[in-house]
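In: no sequence on this one, just coordinates:
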């Protein structure tokens with residue numbers, strides 16, 4: 001993946017569980033099922049005791065970037081505003097790919113039903129492929 005990402009690690013102090021849940025609840029429909037799914041997978045992976053401190057720091061930076069009101073492309077800008085957030089989430093998913101369990105993916109999918117219909121949820125599998133380098137953004 002060859003994109004110019006912002007220094008999302010500088011956003012790690014913006015992350016809190018409460019702010020994450022509030023942000024996802026507020027933007028879910030506008031953000032789309034793939035962004036919400038990617039963020040939930042990272043959020044639930046963060047809870048795993050099997051994930052290294054280094055990977056948790058990367059996840060916290062990405063989720064902090066997502067919930068920060070100030071980032072490279074403001075979220076208020078239609079379409080593009082959340083595109084940089086999705087790019088950061090996908091980048092981090094690639095970095096921690098080996099840490100993502102099936103249980104986490106299922107838990108994230110179940111949570112999606114709070115905001116999306118089942119016909120929208122089936123599309124989230126496109127985020128994950130056998131080779132994360134082939135994942136579409």
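Out: Here it is on my side, so go on. Bear in mind the structure is a predicted one, so any value in this text is a computation, not a measurement.
In: can you give me the distance of residue 13 to residue 86?
Out: Per Cβ to Cβ, to the nearest Å, residue 13 is found 22 Å from residue 86. (Glycine included, C-beta is placed from N, CA and C.)
In: quick one, which of these two is more surrounded?
Out: Set residue 13 next to residue 86 and count neighbours by other Cβ atoms under 10 Å: residue 86 wins out with 19 against 10.
In: where does the residue most central in space within the chain land on pLDDT?
Out: By Cα atoms, centre = their mean, the chain has its centre lying nearest to residue 39, at 2.4 Å. According to the prediction, residue 39 has pLDDT 94.
In: for residue 131, same thing?
Out: pLDDT recorded at residue 131 is 48.
In: one step back: next, the buried residues of the helix or strand hosting the residue nearest to the centre of the chain.
Out: Using DSSP states H and E, residue 39 sits in helix 33-46. Using 16 or more other Cβ atoms under 10 Å as the test for burial, helix 33-46 gives 33-46.
In: what are the contacting residues of that helix?
Out: Outside helix 33-46, the residues that touch it by Cβ atoms under 8 Å, 6 or more residues apart in numbering are 20, 24, 28, 51, 55-56, 59-60, 62-63, 66, 82, 85-86, 89-90, 92-93, 96, 99-101, 104-105, 107-109, 111-112, 115-116, 120-121, 123-124, 126-127.
In: moving C-terminal of the helix or strand of the chain with the lowest mean pLDDT, what's the next helix or strand?
Out: Ranking every helix and strand in the chain by mean pLDDT, DSSP states H and E puts helix 80-95 at the bottom, with a mean of 82. Note on helix 80-95: by DSSP H and E, the next helix or strand toward the C-terminus is helix 102-112.
In: show me what that next one is packed up against.
Out: Secondary-structure packing of helix 102-112 (3 or more Cβ pairs under 8 Å, 6 or more residues apart in numbering; DSSP states H and E): helix 33-46, helix 118-121.
In: lowest mean pLDDT across these, which one is that?
Out: Note on the helices and strands packed on helix 102-112: helix 118-121 shows the lowest mean pLDDT, a mean of 88.
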